[in-house]
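Engineer: could you look at this predicted model? Sequence included:
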Amino acid sequence: MKWLTVALLILLFPLGVFAARLKDLMEVEGVRGNYLVGYGVVVGLKGTGDGDQTKFTVQSVVNMLEKFGVRVPKEQVKLKNAAAVMVTAYLPPNVKPGQRIDVQVSAMGDAKSLQGGTLLMTPLVGPDGKVYAVAQGPVSIGGFAAGGAGAQVAVNHPTVGRVPNGAIVEREVPAGDLNSLERLTLSLRTEDFTTTQRVAEALNQYLRGNYAKAVDMKTIELEVPKEYRGRVVPLLAEIGNLEIRPDIPAKVVIDERTGTVVIGENVRISKVAVAHGNLSVEVRETPVVFQPFPFGQGETVVVPRTEVKAREEKARIVVLEEGATLGDLVRALNAVGATARELIAVLQAIKEAGALHAELVIM
């Protein structure tokens, strides 16, 4: 596996007691958005659209022209300024007809760039096949692509763009009346028994009663108090600002492709010794050429000359005591001069030795 020259090491240090708002940790069951998708055509490109081999773009343009009373054989249509695209959008919950949402446009064929193009009217459908929004407008890609016969320069991704506020909502997603509910189900975005129990305790303390119950490691059932019956929205607004101290699991995440390491603050290790040393071998070729004198009978000879140098650094040993914390682990690894690549190998070795008390996740 090839390693990147520059590797990133992210270390999460505890800065006192961290607390997050409940609204940032949970979602209310039944309050959710939906994804929309549609097929459209972007026109007005400057010769960077789909080529003649992209048949579905030609067919789409021919069908569109027929709707406007223009009939032309598709064999005679040559397109360079149009591109077929897939249009996607996220429909937030409780959005009303007439409101606008952003859409993303992605090229499907061999278009080189969508810069300067305009998305034509595109219906966006939901999972049920019904049209919930209609998109149209100029495409913004935030970059460009230019080149010639021997070189090409691209900034950002020129075949994907956005149309800000480019879709008008036409249909409202059916949703129940929150204010009529007598029981709510709150779902945490992360699974943890400790955090779930803390949320339930904080809710009972705030509501001054036994209204919340932790069902599993992610779900809390909340009975709506009598004084909030018919006023569930104000209740959610109030409890959403409660500060909860989430419990972070002991976890080490490694991305071997980029050399990224993320270490959680609750990572602990048993007493272990870490030895680190490098062996480097340098081979240098400096051939020598012997050229005969003019009009001589000799031949040109190339004599190889190889110089080999081997250097092994002295291994440095660091002992980590029982119950060492994240800071101790980082200081120890820095002491042995471990790079991000070597840090990954050291962490895997400590895990194999049974001294790393954390979940090791390799992406």
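Structural biologist: Cool, got the structure.
Engineer: which residues in the stretch 51-200 of the chain form helices?
Structural biologist: For the stretch 51-200 of the chain, the helices defined by DSSP state H, counting those that start in this stretch cover 55-67, 193-207.
Engineer: turn those into TSV, including mean neighbour count and mean pLDDT.
Structural biologist: Heads up, the C-betas are built off the backbone N, CA and C, glycines and all. As requested, those are arranged in TSV below (neighbours: other Cβ atoms under 10 Å; pLDDT from 0 to 100):
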stretch	mean neighbour count	mean pLDDT
helix 55-67	15	85
helix 193-207	17	93
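Engineer: of all the ones you listed, which lies closest to residue 92?
Structural biologist: When the helices of the stretch 51-200 of the chain are compared by Cβ to Cβ, helix 193-207 sits nearest residue 92, at 24.1 Å.
Engineer: CSV for the helices of the stretch 51-200 of the chain, including distance to residue 351?
Structural biologist: Formatted as CSV, these follow (distance: least, Cβ to Cβ, whole Å):
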stretch, distance to residue 351
helix 55-67, 50
helix 193-207, 23
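Engineer: for residue 49, find the nearest of these.
Structural biologist: Nearest of the helices of the stretch 51-200 of the chain (Cβ to Cβ): helix 55-67, 7.5 Å.
Engineer: what helices or strands is the closest one leaning on?
Structural biologist: strand 34-43, strand 82-91 (3 or more Cβ pairs under 8 Å, 6 or more residues apart in numbering; DSSP states H and E).
Engineer: and among these, the most buried is which?
Structural biologist: strand 82-91 (a mean of 22; mean count of other Cβ atoms under 10 Å).
Engineer: low-confidence ranges, the stretch 101-250 of the chain, go.
Structural biologist: Low-confidence segments of the stretch 101-250 of the chain, defined by pLDDT under 70: 143-156.
Engineer: quick one: the strands in it?
Structural biologist: Listed in chain order, the strands of the stretch 101-250 of the chain (DSSP state E, counting those that start in this stretch) span 118-125, 131-138, 144-147, 152-155, 160-169, 183-188, 212-214, 219-223, 243-244.
Engineer: coming back round to it: of all the helices and strands packed on helix 55-67, which lies closest to residue 21?
Structural biologist: strand 82-91 (22.5 Å).
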